[in-house]
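Novice: coordinates for the following, if possible.
(chains A, B, C and D)
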Protein chains: 2
Amino acid sequence: MALLDEQPGGNLEMERTAGVALWRQIAERLRTDIRNGTWKEGGKLPTEQVLSARFGVNRHTIRRAISELSAQGLLSSRQGRGTFVENAPSPLTYPIGPRTRFSEIISRQSREPGGRLIGSGREAAQPWLVEKLRLSLGQEAVHRLEVLHVADGIAVSLSTNWFPAHRFPDLVSRYAETGSITKALAAHGVADYIRKKTEISARLAEPEESRWLQLAEGAPVLVTDLVNVDEAGTPVQVSRTRFAADRIQLTVEN
Amino acid sequence: MALLDEQPGGNLEMERTAGVALWRQIAERLRTDIRNGTWKEGGKLPTEQVLSARFGVNRHTIRRAISELSAQGLLSSRQGRGTFVENAPSPLTYPIGPRTRFSEIISRQSREPGGRLIGSGREAAQPWLVEKLRLSLGQEAVHRLEVLHVADGIAVSLSTNWFPAHRFPDLVSRYAETGSITKALAAHGVADYIRKKTEISARLAEPEESRWLQLAEGAPVLVTDLVNVDEAGTPVQVSRTRFAADRIQLTVEN
DNA sequence: TCTAGTTGTCTAGATTAGTAGATAAATTAG
DNA sequence: CTAATTTATCTACTAATCTAGACAACTAGA
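Specialist: The predicted structure follows:
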């Protein structure tokens, strides 16, 4: 058996009774094929009959997968002609480096960046947060800031940010005024900060994340956990960001 | 509405008719909770009744999710007592840097690394590969090497590697002899190489990937695309690696 | 214009997923 | 020992998913 057969004539077996509907498995597969440029923009997909034979499923199942991607604007079908790749928007690339700033990155790719404060609060830090922010005893209060990032009006990521409350007492209102974490930190005397460490993982989107990011349930998200430190090396911010995996790609330059 | 409510008493809404079965959504949710240490190792999960109320589903649906995780050894239930977190193996961390070498990374974490050649071939490079490997006209042939990486006997990643065939004519046999890409390249005169750029994305595992990595269908994979270059800066290898997202975490140090 | 090929729509039935409720079996606390 | 709690099984039913087949509507090319 050929491994990972990508030939047009290859037969693909689907997993059944695995808790993921066949039409969704096929939709996700077609989505990555489109992103990888298997069919060029404006190009024609194989016919429903051919696809159903290739995936070993009924034609209706293929149609449901196609309808899912059509609803998302990636495909469009026309009776008698075929199904075509609509406008595959080039995926955003998000470089991970010491000076990663969302708005700069998006602007550099000729997109219009935006951030929306969707939640905030003051809370007691969980043990893992105490450790990461190096909070001392009696100063375990943190501000939490939930921000939705958009590029050209499309949601790309949802981030939860924590800051030591004793050092940044007015952080939430400063962010609300300026719309920028960098500026909110500057207002508290942090002239500059750098990203120290980033942990990257992936999992399925939770329902609330799906809602904000306008993802299909069961779609994967890329999760980054990072710590920002000031010039003295003291942690000023811990951030957990969930990216819509089908709309963004992280890059690391060495 | 509270965003991303993580309180034990919080009500969680599940998405229905989204192509992902409720029991799988719940299983994935519990899996990440376990990994995040929501219940400590050996600790007791809430009862099935409580969980079914919290997720808003029938108790049988919860049982199916638990049975899935039990089958994977993460949970174990005992009649009359409850359901307990079994042995949550600490996720491997995989640092991404200029000198990333699989076996070194695994060894440093006190695990036994291994690689298995599961497929190879000589083929014509796709356009994107021609560009990445900077192949010149008439030299578009590449060797493809499929390797399964394991740590302590557990599959962690599946990588597809491409090499310019004209420069590394015996690469496949050299790899088969030595079991090391580094050594196979050295045999062709490449004393050292560094990782130039890494692209990171995530998607659902395809059936064949699920088989090799022993993942549940619909489980997410982390995908890294990288280019290795020799000391002169010439690309010597392009590699696409799929990591089991529930077993590994990538890290970037700045 | 005619025909082959393609997508759109409909009906019917089989399989899987989820709900609802009852009862058994094991464990723990008192 | 007894009662309350918790997981294990079972039956019955509803909803979602997948299959099978037929035919209509539209397109492109001979």
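Novice: pull the contacting residues for A:I200.
Specialist: With contacts defined as CB atoms under 8 Å, 6 or more residues apart in numbering or on different chains, the neighbours of A:I200 are A:I96, A:L222, A:V223, A:T224, A:L250, B:I200, B:L222, B:Q249, B:L250, B:T251, B:V252. Yep, even glycine has a C-beta here, placed from its N, CA and C like the rest.
Novice: list the buried residues of the helix or strand hosting it.
Specialist: For A:I200, the host element (DSSP states H and E) is strand A:193-204. Within strand A:193-204, the residues that qualify as buried by neighbour count (16 or more other CB atoms under 10 Å in any protein chain shown) are A:Y193, A:R195, A:T198, A:E199, A:I200, A:S201, A:A202, A:R203, A:L204.
Novice: so for it, what's the average pLDDT?
Specialist: With pLDDT averaged residue by residue, strand A:193-204 scores 90.
Novice: send the alpha carbons of that strand over as PDB?
Specialist: What follows is the C-alpha trace of strand A:193-204 in PDB, where atoms were taken according to Å, rounded to 0.1, in the frame of the first residue of the first chain:
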ATOM      1  CA  TYR A 193       8.900  43.900  26.400                       C
ATOM      2  CA  ILE A 194      10.000  40.800  24.500                       C
ATOM      3  CA  ARG A 195       8.600  37.300  24.000                       C
ATOM      4  CA  LYS A 196      10.600  34.900  26.000                       C
ATOM      5  CA  LYS A 197       9.200  31.500  25.300                       C
ATOM      6  CA  THR A 198       6.300  30.100  23.200                       C
ATOM      7  CA  GLU A 199       4.700  26.700  23.600                       C
ATOM      8  CA  ILE A 200       2.600  25.500  20.700                       C
ATOM      9  CA  SER A 201       0.000  22.900  20.700                       C
ATOM     10  CA  ALA A 202      -3.200  22.000  18.900                       C
ATOM     11  CA  ARG A 203      -6.600  20.700  19.800                       C
ATOM     12  CA  LEU A 204     -10.200  20.800  18.800                       C
END
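Novice: now that strand, how far from the chain's geometric center?
Specialist: Relative to the chain's own centre, strand A:193-204 is displaced by 12 Å; criterion: CA atoms, centre = their mean, to the nearest Å.
Novice: A:T234 versus A:R35, what's the distance?
Specialist: A:R35 is 40 Å from A:T234, where distance means CB to CB, to the nearest Å.
Novice: hmm, A:I248 and A:R35 touching each other?
Specialist: No. Taking contacts as CB atoms under 8 Å, A:R35 lies outside contact range of A:I248: 11.2 Å.
Novice: mutual contacts of those two, please.
Specialist: A:P91.
Novice: neighbour count winner among A:R35 and A:T234?
Specialist: A:R35 (18 against 13; other CB atoms under 10 Å in any protein chain shown).
Novice: hang on, the earlier thing: any idea which of the contacts of A:I200 is closest to A:R174?
Specialist: The shortest approach to A:R174 among these belongs to A:T224, at 23.6 Å (CB to CB).
Novice: thought that closest one was touching A:I96?
Specialist: Yes. Using CB under 8 Å, A:T224 makes contact with A:I96 at a distance of 7.4 Å.
Novice: now do the shared contacts for these two.
Specialist: Common contacts of A:T224 and A:I96 (CB under 8 Å, 6+ apart): A:T198, A:I200, A:L250.
Novice: out of the residues you listed, which is nearest to B:G218?
Specialist: Sorting the shared contacts of A:T224 and A:I96 by how near they are to B:G218, with CB to CB, puts A:I200 at the top with 20.5 Å.
Novice: flag every residue of the stretch 101-250 of chain A that's near DNA strand C.
Specialist: Nowhere does the stretch 101-250 of chain A come near DNA strand C, counting by CB under 7 Å from any atom of the strand.
Novice: so where do the helices sit in the stretch 101-250 of chain A?
Specialist: Taking DSSP state H, counting those that start in this stretch as the test, the helices found in the stretch 101-250 of chain A are A:102-108, A:127-133, A:171-178, A:181-186, A:207-213.
Novice: how about JSON lines for those, with mean neighbour count and mean pLDDT added?
Specialist: Written out in JSON lines, the entries for these read as follows (neighbours: other CB atoms under 10 Å in any protein chain shown; pLDDT from 0 to 100):
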{"stretch": "helix A:102-108", "mean neighbour count": "16", "mean pLDDT": "74"}
{"stretch": "helix A:127-133", "mean neighbour count": "15", "mean pLDDT": "87"}
{"stretch": "helix A:171-178", "mean neighbour count": "17", "mean pLDDT": "90"}
{"stretch": "helix A:181-186", "mean neighbour count": "20", "mean pLDDT": "91"}
{"stretch": "helix A:207-213", "mean neighbour count": "19", "mean pLDDT": "84"}
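Novice: now for the residue in chain A sticking out farthest from the centre: which residues touch it?
Specialist: Among residues of chain A, the one most distant from the C-alpha centroid is A:G80; the distance is 36.4 Å, by CA atoms, centre = their mean. Listed by CB under 8 Å, 6+ apart, A:G80 has no contact partners.
Novice: quick one, phi/psi of it?
Specialist: With angles defined as degrees, to the nearest 10, A:G80 shows backbone torsions of phi 80, psi -20.
Novice: relative to B:Q79, how far out is A:P95?
Specialist: Summarising the geometry, the distance separating A:P95 from B:Q79, computed by CB to CB, is 53 Å.
Novice: now the angle between strand B:193-204 and the strand holding A:I200, please.
Specialist: 50 degrees (axes from the mean of the first three to the mean of the last three CA atoms, to 10 degrees).
Novice: what about the residue farthest from the centre of chain A, distance to B:I118?
Specialist: Distance from A:G80 to B:I118, counting by CB to CB: 44 Å.
Novice: what's the answer for A:R116, then?
Specialist: For A:R116 relative to B:I118 (CB to CB), the value is 46 Å.
Novice: do the same with A:A184
Specialist: For A:A184, the distance to B:I118 under the criterion CB to CB works out to 51 Å.
Novice: does chain B sit close to the least confident helix or strand in chain A by mean pLDDT?
Specialist: Lowest by mean pLDDT, DSSP states H and E among the helices and strands of chain A is helix A:102-108, with a mean of 74. No. Among the residues of helix A:102-108, none lie within reach of chain B under CB under 8 Å from any CB of the partner chain; the closest is 14.6 Å away.
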